[in-house]
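test case, fold it:
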Amino acid sequence: MARFLPLEEAMRENLKDGDVAAFEGFTHLIPTAAAHEAIRQGRRELTLVRMTPDIVYDQMIGMGLARKLVFSYAGNPGVGLLRRLRDAVENGWPHPIEIEEHSHAAMANAYEAGAAGLPCAVFRGYRGAGLAAVNPNIRTVTCPFTGELLAAVPALRPDVAFIHAQKADRQGNVLVEGIVGVQKEAVLAARRAVVTVEEVVEDFSGLHPNLCVLPHWTVTAICVVPGGAHPSYAHGYYARDNAAYLEWDAVAADRDRFRDWMEENVMRAAPQDFARRVERLRVGR
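Numbers count the residues shown, from 1 in each chain. Coordinates of the predicted model:
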């Protein structure tokens, strides 16, 4: 049963040092506020999992939270590479990080396998690709029915998943509108799930029945954090802050500038600051 908690309390209860943690979002609804709270609480030795790690993971890695990254494609969307991730991999700053790279298909199937309680995901993939040569978790199995050689990867079962969504109702059910990546699968695969939302409504009556709804029994905690996906967008609430992504490339390129930016915008900030950051980006509803 989902509990309504302040983000600080939900983070303290559900994310521990050494956890396997997924902060999932695809194009929009990226759980930035949750990631920033994890940084403020000084978590360490995390295995971070995400299909498309962007600047949020760059920030977490640069602040020393991660010992390992399991991912498919990493980059500052529309801009370029992740400079803090690259510094960690190439130079061990702030400390070395292990990486396990997959394809998008592998990550999506691995989450689905975790959600289904299966030990691994089997799918067509990696044909002609070189990732299997550097990732021992990419293997092959022979279909017992057709004899076809298929790819196999371990199921993803995070200790905790964090996502951002538009709405929760009073019972703790969660609704996701617009583009959906693997947020639902990540929640169902995880042992614990924390959802930040734009708002709480009485119920979902009058809304399209095919909108993605996570039942309250799949969610551990719900935290109301308006603007909590910034600088990504929340469909129907606010637009993407393109300038912030461009700014990040310059910020992340220099270690001292990075530290100063994080101190001002994350360490001294609070979840309620996100509402102010998206005010100029609000869309008509």
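
what's the closest non-adjacent residue to Leu81?
Nearest residue to Leu81, sequence neighbours excluded (Cβ to Cβ, 6 or more residues apart in numbering): Gly75, at 5.8 Å. To be clear about C-beta, it is placed using only N, CA and C from the backbone, and glycine gets the same treatment.

gap between that neighbour and Thr47?
When Cβ to Cβ, to the nearest Å is applied, the distance between Gly75 and Thr47 equals 20 Å.

between these two, who's got more neighbours?
Set Gly75 next to Thr47 and count neighbours by other Cβ atoms under 10 Å: Thr47 wins out with 18 against 15.

where's that one, which helix or strand?
Mapping Thr47 onto the secondary structure by DSSP states H and E places it in strand 46-50.

which strands or helices does that strand pack on?
Other helices and strands packing on strand 46-50, by 3 or more Cβ pairs under 8 Å, 6 or more residues apart in numbering; DSSP states H and E, are strand 20-23, helix 55-62, strand 66-71.

among the ones you listed, which is nearest Ala239?
Evaluated over the helices and strands packed on strand 46-50, closeness to Ala239 peaks at helix 55-62, with 16.8 Å, by Cβ to Cβ.

and the closest one with strand 46-50, angle?
With axes from the mean of the first three to the mean of the last three Cα atoms, to 10 degrees applied, the angle from helix 55-62 to strand 46-50 works out at 160 degrees.

so what does helix 55-62 touch, helix or strand wise?
strand 20-23, helix 32-40, strand 46-50, strand 66-71, helix 83-91, helix 242-252, helix 255-262.

one more time with 6 Å, if that's ok
Using 3 or more Cβ pairs under 6 Å, 6 or more residues apart in numbering; DSSP states H and E as the contact test, the elements touching helix 55-62 are helix 32-40, helix 83-91.

any idea which of those helices is most buried?
For those, the stretch with the most neighbours on average is helix 32-40, a mean of 26; neighbours defined as mean count of other Cβ atoms under 10 Å.

what residues does that one touch?
Helix 32-40 is touched from outside by 7, 11, 15, 23, 56, 60, 63, 162, 196, 225, 228-230, 266, 271, 274, with contacts defined as Cβ atoms under 6 Å, 6 or more residues apart in numbering.

who wins for neighbours among the residues you listed?
Counting neighbours by other Cβ under 10 Å, Phe162 leads the contacts of helix 32-40 with 33 neighbours.

that residue against Phe23, yeah?
Yes. Taking Cβ atoms under 6 Å as the contact criterion, Phe162 and Phe23 are neighbours in contact, 4.7 Å apart.

now the strands for the stretch 151-285 of the chain?
Shown for the stretch 151-285 of the chain, the strands assigned by DSSP state E, counting those that start in this stretch span residues 160-169, 174-176, 192-201, 212-214, 221-224.

and those, which one is worst for confidence?
Mean pLDDT values for the strands of the stretch 151-285 of the chain show the minimum at strand 212-214, a mean of 89.

quick one: contacts of it?
Strand 212-214 is contacted by residues 173-176, 180, 184, 187 when judged by Cβ under 6 Å, 6+ apart.

show me what counts as buried in it.
Burial within strand 212-214, assessed by neighbour count using 16 or more other Cβ atoms under 10 Å, is assigned to 213-214.
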